[in-house]
Every structure is written in structure tokens, then in C-alpha cells.
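**Student:** Predicted coordinates and the sequence they were generated for:
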Amino acid sequence: MSAIDDGMGKTQASRLLKIIRNTIICLKKRK
């Protein structure tokens with residue numbers, strides 16, 4: 001179970017990173 005939990009955490013982290021990157025790009029484009 002621990003291995004599966006680690007995998008889920010990594011996928012969630014990667015999704016958050018993608019969202020943060022997209023938001024930063026949008027803010028830069030607005031300026």
C-alpha cells in the first residue's frame with residue numbers, strides 16, 4: 001500500500017506543478 005500511496009502522491013504533485021506553471025504563464029501573458 002505504501003508504494004501505491006507514493007505513486008498517487010507523485011501524480012498529484014505533478015498535476016499541481018502543471019497547474020502552477022499554467023497559472024504563471026497566464027499571468028505573464030496578461031502583463
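**Tutor:** Yes, it's here.

**Student:** which residues of this structure score low on pLDDT?
**Tutor:** By pLDDT under 70, the low-scoring segments of the chain are 1-4.

**Student:** Please enumerate the helices of it.
**Tutor:** Applying DSSP state H to the chain gives helices spanning 2-30.

**Student:** Now do Lys10 against Leu16, distance only.
**Tutor:** For Lys10, the distance to Leu16 equals 11 Å [C-beta to C-beta, to the nearest Å]. The way it works is simple: take the backbone N, C-alpha and C, and place the C-beta from them, glycine included.

**Student:** Okay, Gly7 and Ser14: tell me how far apart.
**Tutor:** From Gly7 across to Ser14, the span is 11 Å (C-beta to C-beta).

**Student:** what's the answer for Arg30, then?
**Tutor:** With distances taken as C-beta to C-beta, Arg30 is found 25 Å from Ser14.

**Student:** Between those two, tell me which one has more neighbours.
**Tutor:** Neighbour totals were compared for Arg30 and Ser14, and Ser14 leads with 10 against 6 (other C-beta atoms under 10 Å).

**Student:** Now do the more buried one against Met8, distance only.
**Tutor:** For Ser14, the distance to Met8 - C-beta to C-beta - is 11 Å.

**Student:** How about Arg15?
**Tutor:** Taking C-beta to C-beta, one finds Arg15 at 11 Å from Met8.
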